[in-house]
Structures are given as structure tokens and as C-alpha cells.
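1. Sharing a sequence plus its predicted fold:
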Amino acid sequence: MDMIKKKHIKSSRDRGTTKLQLNGSSTSVNIREAELKNGDFPFALLATSPDYKGELLGYSGFVTRQSSLLDVEPTFLELRMLKVDPAYFRNGIGKLLLDHSKTLSRERDKTLIMRPQRPGEIIVEESRIQEYPLTTEQLSEMYQRNGFRKFTSDEVDDLSRKVDEAHLTSSLWFEGIDPETAKMTGVKVYSMTPEEAASLGHIPFEDKLSLMTEILTAEYGHASSLDSNRETHREDVEEHLVIAEG
């Protein structure tokens, strides 16, 4: 696996070194926490070794936004990707990165979540099997053996409703709702101030739902997309695992 180039790293710090057996030899594996300038992750944990200079053995990448779930629950930190070079599978690098990921989330006073989803749908199957040998179900089982759990039904209800309400708030802003009266202006408002848009958040959820139903019914003759959106939001929450306490 190619090393992340220094020009892409804003800053980094050492998090410790552990001895692992890599391909039959005792090897020092160093974990560094890196703040990145660009790319998919604002920060990541990088696994390297002085015995494998210039080579990235594995990494875990994190995000605090870029998803509706993170937007409604700012205490969440998402482990978006944990990747180990196939040449070093089953040598403990993934477990080491996961342990450091848990510690990092505690240090930042965040709750670690993740979606154990096998990537690579568009990758040639032979390469996909080599790079990502575990199915989504196997990944979910592995992470649950290593300190994660599924959201409870109450947590799913609460989080999916928050996501649904945020979606309705955004939709109503786009449609042109007067936040003072919670009524449609009849004209789409694209220049509402951030303060006005934020005040939409104070409209009760049931009223937002009623307003959006009126808009969709008037435009399309039905409001079935609301049910579809709600199911999508719920499925998104259910696909995630959350770190178990204790």
C-alpha cells in the first residue's frame, strides 16, 4: 500500500509502537495520528514500520460530518474506513488500528460509530475478493466481537426521527416557509438568512410534516416520498454500529 504523501499531511503525532509478528518476523509497528489537508478523511491513523520503509501497512480514516446522521448527533465520530494492505492480513494490524481508534474517540470525548459495509461494488470481482475478502455480514460480526453493538430500537427511533426532521427543515427552507408564522410564502425562498433558516428548527415536527405534506400533495397529488425518505433515514441508522460502553 502506497504511503500517504507528506504534502497531504497537515500535522501528525506519534501514538505509540507495538511489536507484531508480520509474516513470521517480530516487527515494530508504529501508529501515527495525522491531520490531512484534503481527501476523504480530515484525519486518520496510519500504521507503518521502520522495517517496511515507505510503505503504509494500514490506516483508519475518520469523519465528523458528511452524513445526515453525523449532522444531527455532533457527539458521534465515524470510523469511515479501516483498511489493511492484503499482504499483511491476519497479522494484528487491523486490531491494533481498531484499538487506537477506540482510544482516539475517548480522547476526543466522542462516541465511535461505523457502518460495516464491504466496499468495492464497481471493482472487478477477483480484485475485490483480494482487497476486501469479508462480506458486509462478516464485517458486522467481526466488529461486534471487537466492542461494537447495534443501535437499540429506541436509539434507531430517536436518531432516524432527528434525521427526518433535519430533512424536513431543509426542504421547507427550500420551499419558502416563513419561519415567523410557519406558513408557506407561496414563493420559493433561496435567500433566507442563516438565522431565519435556523428558526425553522423551532417549528414542531408534526407541523413540519403537515406543511411538507401540503406542498407535495399540491405539487404531485400525493406525499408518498415522505414515507420513502423516512424509511431510508431509518435504514441508514440501522446500518451503523456504535461502540459499546464499558
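-> Received, thanks. Residues are numbered from 1 along each chain as shown.
2. The chain: helices as residue ranges?
-> Taking DSSP state H, the helices of the chain run over residues 68-72, 93-107, 125-131, 136-145, 153-175, 194-199, 205-220, 224-238.
3. Give me the domain ranges for this protein.
-> Listed domain ranges for the chain are 6-115, 154-238 (source: automatic domain parsing).
4. ok, now which ones touch the spatially most central residue of the chain?
-> With distances taken as CA atoms, centre = their mean, Glu78 lies nearest the centre of the chain, 4.1 Å away. By CB atoms under 8 Å, 6 or more residues apart in numbering, Glu78 lies in contact with 62-64, 67, 69-70, 112-115, 240. Quick note: C-beta positions are derived from backbone N, CA and C, even for glycine.
5. residue contacts, the residue nearest to Leu168 when sequence neighbours are not counted?
-> In space, and not counting its chain neighbours, Leu168 is closest to Lys208: 4.3 Å by CB to CB, 6 or more residues apart in numbering. By CB under 8 Å, 6+ apart, the contact list for Lys208 reads 165, 168-169, 172, 200.
6. Quick one: low-confidence residue ranges for the protein.
-> Within the chain, the stretches with pLDDT under 70 are 121-122, 179-182, 186-192, 194, 246.
7. quick revisit: now do the residue nearest to the centre of the chain against Arg108, distance only.
-> Plainly put, Glu78 is 12 Å away from Arg108 if you go by CB to CB, to the nearest Å.
8. Let me know the closest of the contacts of Glu78 to Ala47.
-> Nearest to Ala47 among those: Phe62, at 14.5 Å, using CB to CB.
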